[in-house]
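In: Sequence and predicted structure below; questions after.
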Amino acid sequence: MPSSGQVCTARCDSASSSTTLVPCGSKRWDTSPSGVIPASRTIASRQRRTVGSSSSSAGSAPVTSNTWTRLRCTSTPLSMSVLSAGAGERPRSGGRRRAAHTLADLRRRPTGGPAARDRPSARTGGRRPGGGRRPFAYDARMDAEWFVDATAQCAVGRQAREVAWERTPLGPPGEWPEALRHAVHLCFSTQFPVMLVWGPDLTLIYNDGYEEMLGTAKHAGALGAPAAEVWAEIWDEVGPLFDEVLRTGRASSDRDLPLVMNRSGYDEETFFTFSYSPLRDDDGRIAGVLDISTETTLAVVNQRRLAMLGELQGALPTTFTDLATFGRPVLDVLAGSPDVARAAFYDVRGGRPREVGSVGPGPSAAETRLVERVFRTRQRIVSQGLVVKPLRDALRGGVAGILVLRASPMRPWDRDYARYLAGLAATVGAALRDAVRLRTTMDALRLRAERSEEQTAQMREVALALQQAVLTEPPEPDHLQVSVHYQPAALDRDIGGDWYDGFVTPDGATTLVVGDVVGHDLAAAVMMGQLRGLVRAIGYDSGESPARVLERVDAAVQGLALGSGAIATLVVARIEQTAEQVRRGTRTVRWTSAGHLPPMLVRADGRVDTLTRRNDLPLGLSPGTARTEHTVEVYPGDTLVLYTDGLVERRGHNLRDDLADLARALEGTHRGPIEEVVEAALTRMLPGPGEDDVALVVLRTGPQDVPVTDHADADASTEHRAAVV
């Protein structure tokens, strides 16, 4: 604590006088019995201030200064020179101010030589050895030491030291009020994007995190500039928000606010989530705004791109007559996409590309040149905001047309953007291939429908032959009986895609599959054959669990581009047995269901359990989605029943009631041979010709020790039978 005997002389050039300031015990500089200056306040101001009162003792003099400094109490009295200017004047400046000196800088001055001997000390009471007082050279900017500390840990903060703040409405940092200093400390001490504005011009101060949102072009002159100048292009949107906070004193916020900025040399679409809070000065008045923001552009853009892809898939035509007709609903959807500035279809019939439909501005010279190149090379081109894709004719070969997608000039062209537009083009191309195939199939069916009844019967025979070709004999595993049944629909037009399969994997497990492809036509039957082959090959080769098998089949459907028709419900069951279960005679049924009907389990005591568990999405709808598995332990004499919807779904009936009917039909079948299970289900559920085809697989556990080899013995309890009617 300084003693009352220590003094400090303030010499004011403008007044040509010297004032002795004596530190008192309360840490204040006392200049007269009636006048004091708190050490924690600034003694210099823009207006004339008198140190002490007008009636102070002789030697007191008015002190006016623009030095914006503080006196700090120390144990050593200081005789200091205060550089002054007239009232209302600014001190001369040679341009941009240098960073303020700190007290530590001043204390590191050389200590030897005459200057050291003449330095005031506590021992001399501030007097030189030769008598009188020697003023201590004091840098008036020393009071900005706080600004050096506040900006030390922030790159933008260190750049802020080089700003000529005295040329801004804020003045030099040493002049700034305590409230602003605290706000600046907060801004420069966090990595989160923070900006604050202060004063009538809303002068801008921000940190490293906010610099990234400004961009290189704006950052160059943003520090110390008015916010309305820095954000001129968006001030109509954000200016009223600042005004509201300054006027009402209430915080304001928004989520994913769209703003068109020019921060990288072009108008850029951006989105921000932010909060504006009022900043008050030392007198409690609102003097600024604190902006804590985060840019959400990537999240918003990615979400809307995903939504657009889903909307496009829902609008894709399933039939094809000509390219202009096919492209019309596609263009209608893309017209609403902010990420597609232009979309166009080109017909290549006639030897030259010809535009047959578009949305957005006309073709550029680059587009015309790239379309000609794609027409010659038949290869896709992705280049500088353009995706030009040949639309291939899967049946005739060659190219059916060309699709052009142009990126929005308001988003940066990067790898993700290129992949997104390429993905849109690939989706349209796959839909066109499917539509051409479907048109060909429909034309063939229409032509055959116009032929005689004999030709129609021949078509039915072909479809049945295709189905029978893939509906093979069931497996014959140890200790298990397997019986299968397939019944086609009664109507020719309802030839469907129901199938069953069964095989033993190399690890000894038995896998059973029952599935139903969406649709009731020849195309469904063809797709059934493809999907059955995929499930069989992956399930046998990998030996993985049912859920993993279907996940890999999903990926194969997408990777092989089987098209929008590759949608099916199915259940895959794997019958496993551990060494412990071998001793007990039990097994585990592990299964997964892709939107299929629940399996039925007839216990050895006659009870019927409907294995209702979580149902996943049908195959082909959501590649990449993890699938769930379920397990149940079975005992000797238990019977597992897998079936397709043609067995239980009846027009005008409730599905829950139909499943209950099937469970009642299976009651009591545990006493007879496995064939009676099949017969009971068909007799109860299908008393007449069915409207849909039916696939049925029945598995029963038993005491069998070796695989059955003699199918002729109808009385053997281990007989396996496959019936295709």
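Out: That came through, no problem.
In: in the stretch 101-250 of the chain, which spans are strands?
Out: 194-198, 203-206 (DSSP state E, counting those that start in this stretch).
In: Pull the residues that contact the shortest one.
Out: By that I understand strand 203-206. 156, 160, 168-170, 184, 187, 193-198, 214, 222-227, 230 (Cβ atoms under 8 Å, 6 or more residues apart in numbering). C-beta coordinates here come from the backbone N, C-alpha and C atoms, glycine included.
In: Which ones among those map onto helices?
Out: 156, 160, 184, 187, 214, 222, 227, 230 (DSSP state H).
In: What separation do you get for the last one and residue 153?
Out: Relative to residue 153, residue 230 is positioned 24 Å away (criterion: Cβ to Cβ, to the nearest Å).
In: Assumed residue 658 was part of a helix.
Out: Yes: counting by DSSP: H, G, I helix; E, B strand; the rest coil, residue 658 is found in a helix.
In: Buried residues of stretch 278-292, list them for me.
Out: 278-279, 281, 287-292 (16 or more other Cβ atoms under 10 Å).
In: same question, stretch 178-186
Out: 179-181, 183-186.
In: and the helix ranked longest in the chain, average pLDDT?
Out: In the chain, with assignment by DSSP H, the single longest helix is helix 415-449. For helix 415-449, the mean pLDDT works out to 85.
In: From the chain's centroid, how far away is that helix?
Out: Here helix 415-449 shows a centroid-to-chain-centroid distance of 28 Å under the convention Cα atoms, centre = their mean, to the nearest Å.
In: what helices or strands is that helix leaning on?
Out: helix 297-315, helix 323-334, strand 381-383, strand 386-392, strand 399-407, helix 453-470, helix 522-542 (3 or more Cβ pairs under 8 Å, 6 or more residues apart in numbering; DSSP states H and E).
In: can we see that at 10 Å?
Out: The contact analysis (3 or more Cβ pairs under 10 Å, 6 or more residues apart in numbering; DSSP states H and E) places helix 415-449 against helix 297-315, helix 323-334, strand 340-347, strand 381-383, strand 386-392, strand 399-407, helix 453-470, helix 522-542.
In: for the most centrally placed residue in the chain, what are its contacts?
Out: Nearest to the mean C-alpha position of the chain, by Cα atoms, centre = their mean, lies residue 299 at 4.7 Å. Neighbouring residues of residue 299 by Cβ atoms under 10 Å, 6 or more residues apart in numbering: 256, 271, 273.
In: Reformat the buried residues of stretch 178-186 into JSON lines and put distance to residue 251 and pLDDT next to each item.
Out: As requested, the buried residues of stretch 178-186 are arranged in JSON lines below (distance: Cβ to Cβ, whole Å; pLDDT from 0 to 100):
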{"residue": "179", "distance to residue 251": "17", "pLDDT": "95"}
{"residue": "180", "distance to residue 251": "18", "pLDDT": "96"}
{"residue": "181", "distance to residue 251": "21", "pLDDT": "95"}
{"residue": "183", "distance to residue 251": "15", "pLDDT": "95"}
{"residue": "184", "distance to residue 251": "20", "pLDDT": "95"}
{"residue": "185", "distance to residue 251": "20", "pLDDT": "94"}
{"residue": "186", "distance to residue 251": "15", "pLDDT": "93"}
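In: out of those residues, who's nearest residue 560?
Out: Closest approach to residue 560 among the buried residues of stretch 178-186 (Cβ to Cβ): residue 186, at 57.1 Å.
In: and the gap between residue 402 and residue 432?
Out: 11 Å.
In: hang on, I meant residue 521
Out: Counting by Cβ to Cβ, the gap from residue 521 to residue 432 is 20 Å.
In: ok, these two, which is more surrounded?
Out: residue 432 (25 against 19; other Cβ atoms under 10 Å).
In: Now for the more buried one: which residues touch it?
Out: Residue 432 sits next to 316-317, 320, 323, 326-327, 330, 345, 391-394, 400-401, 403 when contact means Cβ under 10 Å, 6+ apart.
In: so what sits against both of residue 402 and residue 432?
Out: 323, 345, 391.
In: Just give me the neighbour total for the last one.
Out: The one in question is residue 391. Neighbour tally, residue 391, other Cβ under 10 Å: 24.
In: Just the pLDDT at it, thanks.
Out: 91.
In: May I see the buried residues of stretch 523-543?
Out: Buried, per 16+ other Cβ under 10 Å, within stretch 523-543: 523-532, 534-536, 538-539, 543.
In: make that stretch 317-328, sorry
Out: 317, 320, 323, 326-327.
In: Check stretch 597-613 too.
Out: Those would be 597-602, 608, 610-611, 613, for stretch 597-613 by 16+ other Cβ under 10 Å.
In: which one of those residues is nearest residue 580?
Out: The closest of the buried residues of stretch 597-613 to residue 580 turns out to be residue 601 (Cβ to Cβ; 21.2 Å).
In: Okay, and that closest one sits in which element?
Out: Per DSSP states H and E, residue 601 falls inside strand 600-602.
In: That strand pairs with which strands, parallel or anti?
Out: Taking DSSP bridges as the criterion, strand 600-602 forms sheet pairs with strand 608-610 (antiparallel), strand 639-643 (antiparallel).
In: looking at those strands, which is closest to residue 235?
Out: Closest of the strands paired with strand 600-602 to residue 235 is strand 608-610, at 65.9 Å (criterion: Cβ to Cβ).
In: Show me the contact partners of the closest one.
Out: 597-603, 632, 638-639, 641, 656, 659-660, 662-670.
In: and with 6 Å instead?
Out: Here strand 608-610 makes contact (Cβ atoms under 6 Å, 6 or more residues apart in numbering) with 598, 600-602, 663, 666-667.
In: helices or strands up against the next helix or strand after that strand?
Out: Sequence order places strand 630-634 as the next helix or strand after strand 608-610, per DSSP H and E. On a contact count with 3 or more Cβ pairs under 6 Å, 6 or more residues apart in numbering; DSSP states H and E, strand 630-634 meets strand 587-594.
In: With just CA atoms, put stretch 244-258 into CSV.
Out: Presented in CSV, the C-alpha positions along stretch 244-258 are these (Å, rounded to 0.1, in the frame of the first residue of the first chain):
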residue,chain,number,x,y,z
GLU,A,244,-34.4,-4.4,-32.2
VAL,A,245,-31.9,-5.5,-29.7
LEU,A,246,-30.5,-2.0,-29.3
ARG,A,247,-34.0,-0.5,-29.0
THR,A,248,-35.7,-3.0,-26.7
GLY,A,249,-32.7,-4.5,-24.8
ARG,A,250,-34.1,-8.0,-25.4
ALA,A,251,-32.0,-10.8,-26.9
SER,A,252,-33.0,-12.1,-30.4
SER,A,253,-32.2,-15.4,-32.0
ASP,A,254,-32.9,-17.4,-35.2
ARG,A,255,-32.3,-20.9,-36.5
ASP,A,256,-31.0,-21.7,-40.0
LEU,A,257,-31.6,-18.1,-41.2
PRO,A,258,-31.0,-18.0,-45.0
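In: Look up how far residue 410 lies from the nearest residue to residue 573 once chain neighbours are set aside.
Out: Distances taken as Cβ to Cβ, 6 or more residues apart in numbering put residue 591 closest to residue 573, at 4.0 Å, once the chain neighbours are dropped. Per Cβ to Cβ, residue 591 is found 51 Å from residue 410.
In: Tell me which of the two has more neighbours.
Out: Ranked by neighbour count (other Cβ under 10 Å), residue 591 and residue 410 place residue 591 first, with 25 against 15.
In: Residue 618: which of the contacts of strand 608-610 is nearest?
Out: The closest of the contacts of strand 608-610, once distances to residue 618 are taken by Cβ to Cβ, is residue 598, at 14.8 Å.
In: where does the closest one land in three-state SS?
Out: coil.
In: tell me which helix or strand of this structure sits lowest on mean pLDDT?
Out: The helix or strand of the chain with the poorest confidence is helix 103-107; it has a mean of 31 (mean pLDDT, DSSP states H and E).
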